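>>> Kindly return the folded structure for what I paste below:
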Amino acid sequence: MPDEKEALAYVPGCEYDLFISYSHLDNVPFLDENMGWVDSLCDYLKKDLQRRLGGTPQVWLDNLDLRRNEDFNTVIKNRIGRSALFLVIVSPNYVNSLYCRKELEWFQKKHKDLWVDDAGRILEVTALKPPGWTDKDRLIPKAVGYPFYQGQRQFRFGDADFKKSAGLLGEELVRTLGLLWNKCKSVVMPRPFDSDEEPTSADDLWSKLNSQLHSDGFRVLPRGFNALQGIEQAIQSSVTSVYIMGSAEHDKIRTAIEKAAAFKKPFTVCVPSRKDLDGDLAAFFRDLKNGAEGQGLDFLKTDSFDRLWADAVKPKLSAQPEASRPVGTLVYVICDAFDTEVMKFKDKIPREFNVKFPAEVDPYGGTPEGGFAKAHEALLGESDGVLLFCGPKSESKWVNQHFTIVSSESLRARSKGVYLTPPDDDEKKKVRVDASNKKIKVIEPPNEDAGLADFLEPLRGRTASAP
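Below is the predicted model of the structure:
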């Protein structure tokens, strides 16, 4: 098990988010500078990525002390193999270095999937253009390139040109990291609610399990401390869920556990050994075990990470979320992340249809720097049917914005619909009228079954557009 006290990379399954490959000759400080050019860029990127990601990125940059180590090659290969992205800093010194080129070759051999959607995992910074260098000479012809020079002038740290190029590089790094994060299977594991200021056994168990899941390539949801927003959608799209009881706010974690039981997904409840359950909570867990028999529920009272991992969590990770839905006619249901009622509506759609929700792209409606926006746009273009779900918690501005998208003539879906639930505000009334005028199916309780059938009828027997 990895050390849970060490900072984790943003991308699950990786030890480093970014490996920087450079020539040490390009990192010698000028007389008026305290840091070398590469160190300055690395420092800038770390701070920029931390601001954008909301956490400390793991960036690997070697040093001269390491290069004196006799196991240098082994260490470098290991770091490259465990890095999500690879940044090449091209310069006259770099292209003349056989070893620098070897680092690039090692990354290409180790990572067969060098692209994630439209984003490359190898990025290229040109610190200074080598003499006679043309596009044909580029080390990675298809990689996104970022020039840090103009003519023979290299951008220096603090220059406006340096900040501009570094900002564009940071945007692409975050977008690509977000795409890689989205490719990982998810496990729902809310952080325990604790009233104690000092770390508890519940928090210790959570940290160890979070570290283990990350090492095995699973993203843990929800992100952040004590965050339960969007928990229903997160559960629905996850492999399994784990609930470790803390010392406070049992009603919140109990609500999340009830959602997992309702969705009939395998899950684990862990109560630390030193924690005594009050009467109501004990009765709740007793009823839960009786009602979830055969569902894949494990209930443990333990402080042992090894037991929690080996006996309960690890066996569930081979399960596949929603694998039974066919890749057939594609229906995209657009919903607000706070509209949890949509998950009840999902079961009303026959299983002959391949239903996609924003939860299957990102359970909170967005990934860093536009990753969700691109996936959302792709689903709009690919889907045979697009249905806008306006639930009781949908805000008027959100309803109006997304109805404009669904009603657009550029949207080529074979069937369009809008689901309107009470309360009926002015915006929903307007949508109802506009939908009827534009021949968009309106689905409303109490006749939602008939309305849904009317929406799906044009799609029966059709196949989806190119996936």
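>>> any idea of the pLDDT on residue 224?
Looking at residue 224, its pLDDT reads 62.
>>> so how far is the one helix or strand residue 73 maps to from its chain's centroid?
Residue 73 belongs to helix 72-81 when assigned by DSSP states H and E. A distance of 27 Å separates the centroid of the chain from that of helix 72-81, by C-alpha atoms, centre = their mean, to the nearest Å.
>>> Which secondary structure elements does that helix sit against?
Counting contacts by 3 or more C-beta pairs under 8 Å, 6 or more residues apart in numbering; DSSP states H and E, helix 72-81 packs against strand 16-21, helix 98-110. From N, CA and C alone the C-beta is placed, and that goes for glycine too.
>>> Looking at the ones you listed, which one is packed in the most?
Most buried of the helices and strands packed on helix 72-81 by mean neighbour count (mean count of other C-beta atoms under 10 Å) is strand 16-21; its value is a mean of 25.
>>> returning to that earlier point: which stretch in the helices and strands packed on helix 72-81 has the least confidence?
helix 98-110 (a mean of 91).
>>> Starting from it, tell me the next helix or strand along the chain.
Helix 98-110 is succeeded, C-terminally, by strand 115-116 (DSSP H and E).
>>> and stretch 395-413, which residues are buried?
Residues of stretch 395-413 classed as buried: 398, 399, 402, 403, 406, 407, 413 (neighbour count, 16 or more other C-beta atoms under 10 Å).
>>> Is residue 7 in a helix, a strand, or coil?
Look at residue 7: counting by DSSP: H, G, I helix; E, B strand; the rest coil, its state is coil.
>>> hmm, back to that, what comes into contact with the helix holding residue 73?
Residues external to helix 72-81 that are found in contact with it (C-beta atoms under 8 Å, 6 or more residues apart in numbering): 15-16, 19, 60, 62, 66, 69, 86, 103, 106-107, 110-111.
>>> now that helix and helix 98-110, what's the angle there?
Relative orientation of helix 72-81 versus helix 98-110 (axes from the mean of the first three to the mean of the last three C-alpha atoms, to 10 degrees): 40 degrees.
>>> What's the mean pLDDT across helix 72-81?
87.
>>> For the helix or strand just after that helix, output the C-alpha coordinates as CSV.
Scanning forward in sequence from helix 72-81 by DSSP H and E, the next helix or strand is strand 83-90. Coordinates of each C-alpha in strand 83-90 appear next as CSV, following Å, rounded to 0.1, in the frame of the first residue of the first chain:
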residue,chain,number,x,y,z
SER,A,83,3.9,10.0,-15.0
ALA,A,84,0.7,11.1,-16.7
LEU,A,85,2.1,13.7,-19.0
PHE,A,86,5.5,14.4,-20.5
LEU,A,87,6.8,17.9,-21.2
VAL,A,88,9.8,18.3,-23.6
ILE,A,89,11.8,21.6,-23.3
VAL,A,90,13.4,21.9,-26.7
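>>> Past strand 83-90, which element shows up next along the chain?
Next helix or strand after strand 83-90 toward the C-terminus (DSSP H and E): helix 92-95.
>>> Any idea how far that following helix is from the middle of the chain?
The chain centroid and the centroid of helix 92-95 are separated by 36 Å under C-alpha atoms, centre = their mean.
>>> swap in stretch 266-273?
So, by C-alpha atoms, centre = their mean, the centroid of stretch 266-273 is 25 Å from its chain's centroid.
>>> same check, this time on stretch 96-103
For stretch 96-103, the distance to the chain centre is 33 Å (C-alpha atoms, centre = their mean).
>>> Return, as residue ranges, the portions of the stretch 301-450 of the chain with sub-threshold pLDDT.
Counting by pLDDT under 70, the stretch 301-450 of the chain has low-confidence residues at 319-328, 337-344, 358-375.
>>> Please, where are all the helices along it?
Secondary structure of the stretch 301-450 of the chain (DSSP state H, counting those that start in this stretch): helices located at 305-307, 342-346, 371-382, 396-406, 426-437, 448-456.
>>> Relative to residue 273, which of the ones you listed is closest?
helix 305-307 (10.5 Å; C-beta to C-beta).
>>> How about that closest one, which residues are buried there?
Quick answer for helix 305-307 (16+ other C-beta under 10 Å): residue 305.
>>> Which other helices and strands does that helix contact?
Checking 3+ C-beta pairs under 8 Å, 6+ apart, helix 305-307 ends up next to helix 201-215.
>>> any idea how far residue 22 is from residue 131?
According to C-beta to C-beta, to the nearest Å, residue 131 stands 19 Å off from residue 22.
>>> Comparing these two, which residue is more hemmed in?
Higher neighbour count among residue 131 and residue 22: residue 22, with 27 against 8, using other C-beta atoms under 10 Å.
>>> Counting neighbours, what do you get for the closest residue to the more buried one other than its chain neighbours?
Take residue 22 and drop its neighbours on the chain: the residue closest to it by C-beta to C-beta, 6 or more residues apart in numbering is residue 89, 4.0 Å away. Residues near residue 89, counting by other C-beta under 10 Å, number 25.
>>> Contact partners for residue 89?
20, 21, 22, 23, 26, 38, 41, 125, 127.
>>> Can I get the residues you listed in JSON lines including distance to residue 186?
Compiled in JSON lines, the contacts of residue 89 are given as follows (distance: C-beta to C-beta, whole Å):
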{"residue": "20", "distance to residue 186": "29"}
{"residue": "21", "distance to residue 186": "31"}
{"residue": "22", "distance to residue 186": "35"}
{"residue": "23", "distance to residue 186": "40"}
{"residue": "26", "distance to residue 186": "40"}
{"residue": "38", "distance to residue 186": "36"}
{"residue": "41", "distance to residue 186": "33"}
{"residue": "125", "distance to residue 186": "32"}
{"residue": "127", "distance to residue 186": "38"}
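>>> So which of the residues you listed is the closest to residue 331?
For those, the nearest to residue 331 is residue 125 (42.9 Å; C-beta to C-beta).
>>> and the closest one, that's in a strand?
Yes: counting by three-state DSSP, one finds residue 125 located in a strand.
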